[in-house]
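Here's my sequence, what's the structure:
(2 chains)
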Amino acid sequence: MNFEKAIALFLALVLAVYSYTAFFEMDYLLPPILQRNPVWPSTFPKILSVMGLIACALVFLNIEKSEKQVGDDLDISNWRAYKIIHAFMLIFGMVVYALVLRPLGFIGATFIFLFASSLLLGEKRYFLLAIVCLISSFSIWYLVDDVLGIYMSPLPSWLSTR
Amino acid sequence: MMCWGFTCLHCHPGFLRDEVQIMVEGLLIGLQTALSIKNFLMVVGGCLIGTFIGMLPGLGPMSIIAIMIPVAISIGDPSAALILLAGVYYGAIFGGSTSSILINAPGVASTVATSFDGYPLTRAGKAGKALTVAAIASFVGGTVGAILLLFFAPALASVALLFHSAEYFALMVVGLSAIAAFAGSGQVTKALLMTVMGLMLATVGEGAQFNLPRFTMGLMDLQSGIGFITLAMAMFAIPETLFLVLDPSRSDKSGEGSSEIKDLRITAEEAKQIAPVIARQSIQGFLIGVMPGAGATIASFLGYAVERNIAKPDRDLFGKGSVKGLAAPESANNAACTGSFVPLLTLGIPGSGTTAILLGALIALNVSPGPRLMQDQPEIFWSVIISMYIGNVVLLILNLPLIPYIAKVLTVPRTFLIPFILFFTLMGAYIGQNNPTELLFLVGLGVLATILRLASFPLAPLLIGFILGPMLENNFSRASQLYDGVSFVWERPMTTVLLAIAVLLIVLPSLKSRFGRGKFFA
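Okay, here's the model as predicted:
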């Protein structure tokens, strides 16, 4: 099975769960007054389920003659040539950033994220990097929180007064 | 002879003269108000603020105008306040296009189509040219929109009211039919699947039509659905950045160290190519913008789709860095933004989220938009129209010299650039919802989008489905309730015509491909 077919199969599984919910799990929640409407909350999802499953089948069965794309996307068959570890580490970094943003505060979490990501990508000018990360963290916090009025806790939750 | 009422030149020979006289007087009042030093500084300041804040993904024109309302109200003078907000509006639209073109991070729905060809141009080392084309297309789109607003506002407002939920539903279907334009050769079924996935994602959460949570899996964070910014960043910015990490040689292609990125020049050949595109899309975009609810997003997608469909010799260039593909959505969305002022100023109906916020600002400034605005407060009505035009001119004059400096962001070393793009992407999602869980959704969807892109699934149709999904479902539900079924499809002629156009848009390219070249199906 090639990669495209595997993705189509995965999406078909997602669609199966979605369809099950649309056909069997949604309607009993509907108050009796709404049941008199011609369109129910499950109507549109039901239509989408059918359309989605048909589209998945078309992709899986390769009905359409697919021409080799001349785009500039990466070639999956050549995956060993790419920096997969770096990409995974950055994804992990983003997840950690999301988890520590509130406990550590915006400035601390942003500084660590920017500094660590740049180091991971091979930056060697540590002092310059630290200065840039620090100024960026402070200035973005100031712009968003003080100028635009969108509250973001700058300090760790146990130090924050707001 | 049939009489056309008060506009009938046969029965009312003085009608045209009166109308022209009112317009000329109004224009002079508007010019006098808008060209005072204070108001001119308001436009310049508004354009600059809008451009720079609009570059931040997650802060679109709507958020920026909302943020600026207290400042505008504190000015006191309604004309000056509205002139400031008009400058902010245009600046924010151009700022949003900049982040779409340079880092493939469309912060607002109306600039998604800009990234389809804008970012490939940047990757080809032509960021300066892409920004110049965007600035010129936006300028012309906005200017044509302002001129059309000047002449046809009252007439168009009454036509727009003929559109009901059935027609809006059909219009959304026409918008979705544009997916064929975003799918490469042999990718129509994949594009269809991605559109359905986008429509499915749009059903998550509590919709406006039904007060019931759907597909939330019991998660409170999904109660309000998936945020547009989150999905847009996940579909475009994250895969592109991860690709830059996976294959470092890609960043060399975007012009690091190249002098061409700062080059603003457009060749005579390119100018000849984009001129008719800009002209067509300025008018089409304006007409779509006039319809309440349609707005700049539909205008930009349809503009792109129409131009791709009629661009016979160079259709294959669309999506790979075509200047036509960049000029079409840019002129259409700017013209549509101006068009959305028609129902606001003449009927008091906000046609989009941004104009709804502007309506709030107008009311706070003791201005009541509606049919009487032109008679009761002509200086406000006309100064808004004139300030739109001045805003466009100022934006072009300010931004063209700034483009080399804006484009220079691409010469930042990748060890700095990539973490900062990821950071701004995360910030965009966080600012919108103020919820760290949104960041986890962003990363999850971003990884999924990267895998889909590796398997050559087009991602633009997914985002289009997501944007148009709620409007499609809500209008379909309303029309079905009104007609107690789907009889509106054949009972309302405009709906039937629009749906027929949608079918043609989907079927024709496939048939042409099958019978014209005989290679669509295996």
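
In the chain, which helix is the longest?
Just going to use chain A. For chain A, the helix with the greatest residue count under DSSP state H is helix A:84-104.

I was thinking of chain B, sorry if that wasn't clear
The residue-count maximum for a helix in chain B (DSSP H) belongs to helix B:127-160.

ok so, going back, can you name every helix or strand that the longest helix of chain A contacts?
Secondary-structure packing of helix A:84-104 (3 or more C-beta pairs under 8 Å, 6 or more residues apart in numbering or on different chains; DSSP states H and E): helix A:106-120, helix B:238-246, helix B:414-433, helix B:436-454. Glycine gets a C-beta too; all of them are placed from N, C-alpha and C.

Okay, angle between the next helix or strand after the first one and helix B:414-433 too, please.
Translated: helix A:106-120. Downstream of helix A:106-120, the next assigned helix or strand under DSSP states H and E is helix A:126-141. Counting by axes from the mean of the first three to the mean of the last three C-alpha atoms, to 10 degrees, helix A:126-141 lies at 20 degrees to helix B:414-433.

average pLDDT across helix A:126-141?
For helix A:126-141, mean pLDDT rounds to 92.

Whether it contacts chain B - can you check?
Yes. Using C-beta under 8 Å from any C-beta of the partner chain, helix A:126-141 reaches chain B at A:129, A:132, A:136, A:140.

shouldn't residue B:403 be in contact with residue B:264?
Yes. Between residue B:403 and residue B:264 there is a contact under C-beta atoms under 8 Å: 5.7 Å.

Pass me the low-pLDDT residue ranges in chain A, would you?
Scanning chain A for pLDDT under 70 picks out A:1, A:65-73, A:160-162.

Domain map for it?
Residue ranges for the domains of chain A, per automatic domain parsing: A:3-63, A:84-147.

Out of the helices and strands packed on helix A:84-104, the one nearest residue B:105 is which?
Residue B:105 sits nearest to helix B:414-433 of all the helices and strands packed on helix A:84-104, at 6.1 Å, using C-beta to C-beta.

ok so residue B:329 is a helix residue?
Yes. The assignment for residue B:329 is a helix, going by DSSP: H, G, I helix; E, B strand; the rest coil.

these two touch, right, it and residue B:109?
No. Contact criterion C-beta under 8 Å: residue B:329 and residue B:109 do not qualify, at 11.2 Å.

Which one of the two is surrounded by more residues?
Higher neighbour count among residue B:329 and residue B:109: residue B:329, with 36 against 25, using other C-beta atoms under 10 Å in any protein chain shown.

Could you check how far that one is from residue B:72?
29 Å (C-beta to C-beta, to the nearest Å).

what does residue B:149 give?
Relative to residue B:72, residue B:149 is positioned 21 Å away (C-beta to C-beta).

ditto for residue B:142
Distance of residue B:142 to residue B:72, given as C-beta to C-beta: 20 Å.

With neighbour numbers in mind, choose between these two.
residue B:142 (31 against 24).

Just list the residues touching that one, thanks.
By C-beta atoms under 8 Å, 6 or more residues apart in numbering or on different chains, the contact set of residue B:142 is B:90, B:334, B:335, B:337, B:338, B:388, B:389, B:391, B:392.

7 Å instead, please
By C-beta atoms under 7 Å, 6 or more residues apart in numbering or on different chains, the contact set of residue B:142 is B:90, B:334, B:335, B:338, B:388, B:392.

And for residue A:108?
Residues in contact with residue A:108 (C-beta under 7 Å, 6+ apart) are residue A:156.

Let's see the pLDDT reported for residue B:444.
pLDDT, read off for residue B:444, is 95.

Apart from its neighbours in sequence, what residue is nearest it?
residue B:234 (8.0 Å; C-beta to C-beta, 6 or more residues apart in numbering or on different chains).

quick revisit: of the helices and strands packed on helix A:84-104, which is nearest residue B:163?
Closest to residue B:163 of these is helix B:414-433 (C-beta to C-beta; 29.5 Å).

touching chain A at all, that closest one?
Yes. Judged by C-beta under 7 Å from any C-beta of the partner chain, helix B:414-433 comes into contact with chain A through B:414, B:415, B:416, B:418, B:419, B:422, B:423, B:426, B:427, B:431.

Which strands or helices does that helix pack on?
Other helices and strands packing on helix B:414-433, by 3 or more C-beta pairs under 7 Å, 6 or more residues apart in numbering or on different chains; DSSP states H and E, are helix A:84-104, helix A:106-120, helix B:228-232, helix B:238-246, helix B:436-454.

Before I go, just wanted to say thanks for your time.
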